[in-house]
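Chemist: Model the structure of this input:
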Amino acid sequence: MYGLRQMGWLVTAISFYVLAVGLLGSPTATSAVQQTGNQLQYSCPDLQVPDDPSCNRTCRETIGTALLGIYGALKCEDEPEALWHQVDDLCQNCSWGPSYCCWPGVFCCSEQDHTSVMLDGPDDCAGATPMSVFHLAMRGFNLSGTLDADVIEHLAFLNRSGLHTLDLSSNHIAGTLPASIGQLTNLKSINLNLNNITGELPVTISHLTNLQHFYASFNRLIGSLEGRFCTAPDSPLYSLILRANNFATTVNFTACSNLGLLDVSDNFFHGHLPVSVNNGMLVSLRASNNRFNRTIPEDIWRLPQLATLELANNDLVGTLSPYMGSGNNLVNIRLGNNSLTGTIPGNLTSNSQMLLLELYDNIGLYGTFPAIQSMVGIRTLDFHNTSISGTIPEIWASFPYLEYVDITSTRMTCCTSQAYVDATPVNDLLPKFLFFDGNLTQYDAARGIEDKDLLDPVQPTDLMCGSVQRDTSLQRDEWNYFDLPVTNNALSKQKWHISPVYSWYKNCTCTPGFDQDNSPSARVPVVKTTLWCKNWSAPWQGDCLDMYTFQCRLHEEPQLSLQGKVGLALGGALMFVVLVVAANMCMAYASKVRRLYVRAKMRLQGVPKHGKMSLVVTDIEGYSDIFKRAPEVMYCALMLHNGVIRAAKFANCGFVLEQEGDSFTLAFYDAFDAVAFCLQAQQALLAVQWPEGLGLDDEQHSIGSLSKRQPSSESLQPDFATIQHF
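Modeler: Residues are numbered from 1 along each chain as shown. This next block holds a predicted model:
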């Protein structure tokens, strides 16, 4: 049985296409599937399956026919007949059950022990009919069609005989869910994620009293969810995933006492949050990107199992509860982009298991950040665009897993005195484990100021400010207060985003094209810090800060003196003379340049094939006789001769049509080039230093001025008698 279960698991691991070709197209299959009208009737003999009173042949044929009905209604979108073009091949010699147990996505119950034939399957077969289907997995089969009443009828039969799990996710199923879905009362899990299902969830879905997991994310569902889930006492529903639909009502799941995973993100829900203290088993609540517009109930912070709370991008109001840190199992808190006010509770930072804390875009949150020395597991801290003040605690250096910190657009500053900032080096304004690097990024100094008229006309708005990096050169005993195993590689990956206000703009400079004026008379007050004291929704604690910044003046080129102007004029006159001389030289060499251009163009045209051309045939007089007398020496002379011919050919834009021994046949586009070639070749041959030992009779072949090492004009001098122009 262990081997059979392994084979069953292998069926799910192989892709649908391979199964469709390999299993349904098996050459050992038996032809025994009938078709009545549009309905396929299962009648495979399945001789290897012993008859059993609890599921005889008729029982198996009914199950197989139901599967054929489901597959036939939800055909592959790209290849509608992929499963059905070889109807007779559906019968398989399945070693562990009827033929349908070998079909893609079908998992059957064993006849022997009423357990699944796949090892570690998604569910058991307790109470199921032997050889029935307990798990139907058609995820990513590229199916289309709708879940109409006929499909539900087939599923209902399978459900009555043992179907517990239905997975139709990642397909193209469209239409609405029919009311008859309430017949699937024995289903424990339904997965409809990533389809095109529309309309409302039918009220009859509440009849699925055994349902433990319901997934319908990334569809287009609408309407109310009232009376759909957890209508029966002690409902077993544990997972409810409805992300990315079009629900736009209020919602309440407080009756789902066993609910552990709830995801209603990316909808349009509004009103109160959908859970309460009654959801004591809740582990994860994801409700981001909605329109919930009430306070966060204190009951949520008292849920003992809650580990993930994601409520970002809503309209939540009110203050953060003092019980916010009482849940020691909380790992991820995302409350960004709401309208929360007040201070951060002190017990929030006592949770050593906290990994992520995001409170960004809640401008009403103010006060200093409480000590977080207990949050040794924290990875992400994001408080940008809040009114939190104070300095960066040195203890943050010792968090071993910290990866991301963002405190831009906050009230956090290094100091309280402009005089102290002026007298302190810029890197000393940061905690000792951080420093400003040389990477400048653009910063809008007017960010967060709604009334731009409050800005001083000379106050710079666009600045270039240095980025902040973690200093990995410090010794471990200088920052590792907890003596935790932290590597320099982990430290170098930390990303710090700190507002220039923190360093009183001392790490900033003007944008290119502007000059920075740091003189005391040129300083202008920073309006942002002045507004902090006037924000009643987020009261400023302590004295208001008198922060100043430099001015950025448009860069102006220095004026030239009289001597400079005279020098510039003389330089211009000299440049004019140089240009005139250069122009004359260019005109003098214009013909030469033109000649070079024409020659290059001729060479690019290649060998003449039609039109006017000139042919030249060269030959060495007496070549054969000389070669017989002194072959080795003559071979060296021939190489010199051929080199001269080829050099003259290239210089005059010629092309070799044929070469045989000492003879060349060359073609030229222009007769002038052909004649020039002949003259150049003859002159070059006369200047060649020929090798000794050619065996020439000096008395018979002497030509006066030539040395005895040179051949006579009747020997190595080529014959250019054949020149024709076409």
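Chemist: For the closest residue to Ile296 other than its chain neighbours, what are phi and psi?
Modeler: Leaving aside its sequence neighbours, Ile296 sits nearest to Leu316 (CB to CB, 6 or more residues apart in numbering; 5.9 Å). Every C-beta, even on glycine, is put in place using the N, C-alpha and C of the backbone. For Leu316, the backbone dihedrals (degrees, to the nearest 10) come out as phi -70, psi 140.
Chemist: For Leu316, give me its contacts.
Modeler: Phe292, Asn293, Arg294, Thr295, Ile296, Leu335, Asn338, Ser339, Leu340 (CB atoms under 8 Å, 6 or more residues apart in numbering).
Chemist: Give me the buried subset of those residues.
Modeler: Neighbour counting with 16 or more other CB atoms under 10 Å marks Phe292, Ile296, Leu335, Asn338, Leu340 as buried within the contacts of Leu316.
Chemist: Okay, now the sheet partners of the longest strand anywhere in the chain, with direction.
Modeler: Selection of the longest strand in the chain by residue count, based on DSSP state E, yields strand 434-444. When pairing is defined by DSSP bridges, strand 434-444 lines up against strand 462-470 (antiparallel).
Chemist: buried sites along the partner strand?
Modeler: Buried residues in strand 462-470 (16+ other CB under 10 Å): Leu463, Met464, Cys465, Gly466, Ser467, Val468, Gln469, Arg470.
Chemist: Isn't the second one up against Phe514?
Modeler: No: Met464 lies out of contact with Phe514 (CB atoms under 8 Å); the separation is 9.8 Å.
Chemist: before we move on, back to that, let's have the buried ones among the contacts of Leu316 in CSV, adding secondary structure and pLDDT.
Modeler: What follows is these, written out as CSV (DSSP: H, G, I helix; E, B strand; the rest coil; pLDDT from 0 to 100):
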residue, secondary structure, pLDDT
Phe292, strand, 96
Ile296, coil, 93
Leu335, coil, 96
Asn338, coil, 95
Leu340, strand, 94
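Chemist: Quick check: chain neighbours aside, which residue is closest to Trp65?
Modeler: Check again: residue 65 is Thr, not Trp. Nearest one to Thr65, counting by CB to CB, 6+ apart, is Tyr42 at 4.5 Å.
Chemist: what's the burial count for the one you found?
Modeler: 23 (other CB atoms under 10 Å).
Chemist: Next up, the contacts around it.
Modeler: Val33, Arg60, Glu61, Thr62, Ile63, Gly64, Thr65, Leu67, Leu68, Leu90, Ser99, Tyr100.
Chemist: The stretch 451-600 of the chain: strands as residue ranges?
Modeler: 462-470, 495-498, 508-510, 514-517, 524-525, 548-549, 551-554 (DSSP state E, counting those that start in this stretch).
Chemist: Those into TSV, with extra columns for distance to Phe269 and mean pLDDT?
Modeler: Below are the strands of the stretch 451-600 of the chain laid out as TSV (distance: least, CB to CB, whole Å; pLDDT from 0 to 100):
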stretch	distance to Phe269	mean pLDDT
strand 462-470	39	85
strand 495-498	31	91
strand 508-510	43	86
strand 514-517	49	80
strand 524-525	45	76
strand 548-549	45	80
strand 551-554	48	78
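Chemist: which stretch among the ones you listed comes nearest Glu403?
Modeler: strand 495-498 (6.7 Å; CB to CB).
Chemist: elements contacting that closest one?
Modeler: With contacts defined as 3 or more CB pairs under 8 Å, 6 or more residues apart in numbering; DSSP states H and E, strand 495-498 has these neighbours: strand 404-407, strand 462-470.
Chemist: can you tell which of these is closest to Lys495?
Modeler: Closest to Lys495 of the helices and strands packed on strand 495-498 is strand 404-407 (CB to CB; 5.0 Å).
Chemist: re earlier: just the closest of the buried residues of strand 462-470 to Thr198, please.
Modeler: Ser467 (47.8 Å).
Chemist: ok, for Thr249, nearest residue in space, not its chain neighbours?
Modeler: Using CB to CB, 6+ apart, the closest residue to Thr249 is Ser224 (5.0 Å).
Chemist: And what about the one you found, helix, strand or coil?
Modeler: coil (DSSP: H, G, I helix; E, B strand; the rest coil).
Chemist: let's have the chain start at 686 instead
Modeler: Sure, I'll start numbering at 686, so the last one becomes Ser909.
Chemist: just to revisit the earlier point, in helices only, show me the contacts of Tyr727.
Modeler: Arg745, Glu746, Thr747, Ile748, Gly749, Thr750, Leu752, Leu753 (DSSP state H).
Chemist: circling back: next, format the contacts of Tyr727 as JSON lines and append distance to Ala1356.
Modeler: Output for these, formatted as JSON lines (distance: CB to CB, whole Å):
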{"residue": "Val718", "distance to Ala1356": "87"}
{"residue": "Arg745", "distance to Ala1356": "98"}
{"residue": "Glu746", "distance to Ala1356": "97"}
{"residue": "Thr747", "distance to Ala1356": "99"}
{"residue": "Ile748", "distance to Ala1356": "96"}
{"residue": "Gly749", "distance to Ala1356": "92"}
{"residue": "Thr750", "distance to Ala1356": "94"}
{"residue": "Leu752", "distance to Ala1356": "90"}
{"residue": "Leu753", "distance to Ala1356": "88"}
{"residue": "Leu775", "distance to Ala1356": "85"}
{"residue": "Ser784", "distance to Ala1356": "89"}
{"residue": "Tyr785", "distance to Ala1356": "90"}
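Chemist: Which among the residues you listed count as buried?
Modeler: Val718, Arg745, Glu746, Ile748, Gly749, Thr750, Leu752, Leu753, Leu775, Ser784, Tyr785.
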